[in-house]
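Trainee: give the three-dimensional model of this entry:
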Amino acid sequence: MSETAPPADGPQLPDKAPRKKTGWVIAAIAGAIAIAVVLAVAVTSTSRSADASSAKTVTIGVTDAAQPYWKTYSALVKKELNVTVKLVNFADYSQPNPALSQGQLDLNQFQHIEFLADYNVSNHDTLRPVGATAVYPLSLYSLKYASVEDIPEGAQVAIPNDAINQARGLLVLQAAKLLTLKDGGTAFSSTADIQTHKVNVLAIDAAQTAVALQNGSADASIVNNNFAADAKLPVSKAIYHDDPSSAAAAPYVNIFAARAKDAGNPLFQKLVALYHDATVEKQVQEANSGTAVFRTTSAKQLQEDLKKVEADAKATKN
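Mentor: Residues are numbered from 1 along each chain as shown. Model (predicted):
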């Protein structure tokens, strides 16, 4: 008989106790395994939920949402970043910046540095560029005349009436020798600064400049690139334009803009980078008759450029 075996007539506790302990340990281990399985499932579920929640929607305000490149761009963003792009289209240039400032948009993409600077100064706002897209020439179109020299004395020429596009349009007309501006003109000139003129200038909403050309109420029009594309104005009808590749065109670099608190948002930097995907750029060129001069200026440089132009705007308004 072993030393550990109990007497035949004694209580069986020494034998039963080890069996109870073993059962408890097994139960504990089983319970631990079950808990581990539950936790693993929960962690996996949480991880999947986190992946699902990372699929964001970014709302971008534009003035040309019907252009095919936005569809291509949106699909690319979804594929590469798992982000849904929601485009909000605006009929004119006065609306996208207030909508961004008020939180209705995450970004907008319709304006250049000069336009944003004027908006910020005029409205005491702090919107910031977060990436560059391209510079476009500002062109003078005519369906009646083949050259600037053909435009007769007293002809009606339409230009955009928003402050910045009006100033740039006037500078184009001055370069075309259709008028002269006080002190040679500035990026903030208005029709009040016209000193001499061969043509009569009509300042109207930028969206209507192509319409005025097509309905015959204007003999020639300064038409922004997106509105020219929407109106299907042929490049051959652009009889004069400024030089988008020059250093002087830096203030006219078109941008993605965001609220100041989002100026360093890394997701927005990725969105800007995807705009310069070769497929997107190709369609942008197709939509703009090959006139885009793409820029990849850094957000930091764009923001420095904005400060300089804002300082000029403040000086002009004071």
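Trainee: how about the secondary structure of Val201?
Mentor: Look at Val201: counting by DSSP: H, G, I helix; E, B strand; the rest coil, its state is strand.
Trainee: correct me if wrong: it contacts Asp193.
Mentor: No: counting by CB atoms under 8 Å, Val201 does not reach Asp193; the two are 11.0 Å apart. C-beta: built from backbone N, CA, C; applies to glycine.
Trainee: anything in contact with each of the two?
Mentor: Jointly contacting Val201 and Asp193 under the rule CB atoms under 8 Å, 6 or more residues apart in numbering are Leu170.
Trainee: burial check on Asp242, number of neighbours?
Mentor: 20 (other CB atoms under 10 Å).
Trainee: cool, Lys232 as well?
Mentor: Neighbour tally, Lys232, other CB under 10 Å: 9.
Trainee: give me the pLDDT for it.
Mentor: Here, the pLDDT recorded for Lys232 equals 92.
Trainee: in what helix or strand does Gly169 lie?
Mentor: helix 163-175 (DSSP states H and E).
Trainee: flag every buried residue along that helix.
Mentor: Ala163, Ile164, Asn165, Gln166, Ala167, Arg168, Gly169, Leu170, Leu171, Val172, Leu173, Gln174 (16 or more other CB atoms under 10 Å).
Trainee: would you format those as CSV with distance to Ser139 and pLDDT included?
Mentor: Listed next are the buried residues of helix 163-175 as CSV, based on distance: CB to CB, whole Å; pLDDT from 0 to 100:
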residue, distance to Ser139, pLDDT
Ala163, 19, 83
Ile164, 16, 82
Asn165, 12, 89
Gln166, 15, 94
Ala167, 16, 91
Arg168, 11, 92
Gly169, 10, 95
Leu170, 14, 95
Leu171, 13, 92
Val172, 8, 94
Leu173, 11, 96
Gln174, 15, 94
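Trainee: quick one: what helix or strand has Gln195 in it?
Mentor: strand 194-197.
Trainee: CA atoms only: put that strand into PDB for me.
Mentor: Only the C-alpha atoms of strand 194-197 are listed here, as PDB (Å, rounded to 0.1, in the frame of the first residue of the first chain):
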ATOM      1  CA  ILE A 194      -9.600 103.200 -66.300                       C
ATOM      2  CA  GLN A 195      -8.000 106.300 -67.700                       C
ATOM      3  CA  THR A 196      -8.300 105.800 -71.500                       C
ATOM      4  CA  HIS A 197     -10.200 103.200 -73.400                       C
END
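Trainee: so which elements touch it?
Mentor: Helices and strands touching strand 194-197, as assessed by 3 or more CB pairs under 8 Å, 6 or more residues apart in numbering; DSSP states H and E, comprise strand 179-181.
Trainee: any stretches of the protein with poor pLDDT?
Mentor: 1-55 (pLDDT under 70).
Trainee: spatially nearest residue to Ala175 (excluding sequence neighbours)?
Mentor: Asp242 (6.7 Å; CB to CB, 6 or more residues apart in numbering).
Trainee: brain fart, His276
Mentor: Thr296 (6.2 Å).
Trainee: so that neighbour makes contact with Ala132?
Mentor: Yes: look at Thr296 against Ala132 with CB under 8 Å: they come within range, at 6.0 Å.
Trainee: ok, back up a step: rebuild the buried residues of helix 163-175 as CSV, extending it with distance to Ala247.
Mentor: Output for the buried residues of helix 163-175, formatted as CSV (distance: CB to CB, whole Å):
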residue, distance to Ala247
Ala163, 23
Ile164, 18
Asn165, 20
Gln166, 23
Ala167, 18
Arg168, 16
Gly169, 20
Leu170, 20
Leu171, 15
Val172, 17
Leu173, 22
Gln174, 19
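Trainee: just give me the closest of these to Ala260.
Mentor: Nearest to Ala260 among the buried residues of helix 163-175 is Ile164, at 20.3 Å by CB to CB.
Trainee: need the contact list for that closest one.
Mentor: Ile164 neighbours (CB under 8 Å, 6+ apart): His112, Glu114, Phe115, Asp118, Ala187, Phe188.
Trainee: just the ones of those residues in strands?
Mentor: His112 (DSSP state E).
Trainee: and which of the contacts of Ile164 is nearest Ala229?
Mentor: His112 (16.2 Å).
Trainee: adjacent strands (with direction) for the strand holding Gln195?
Mentor: strand 179-181 (antiparallel) (DSSP bridges).
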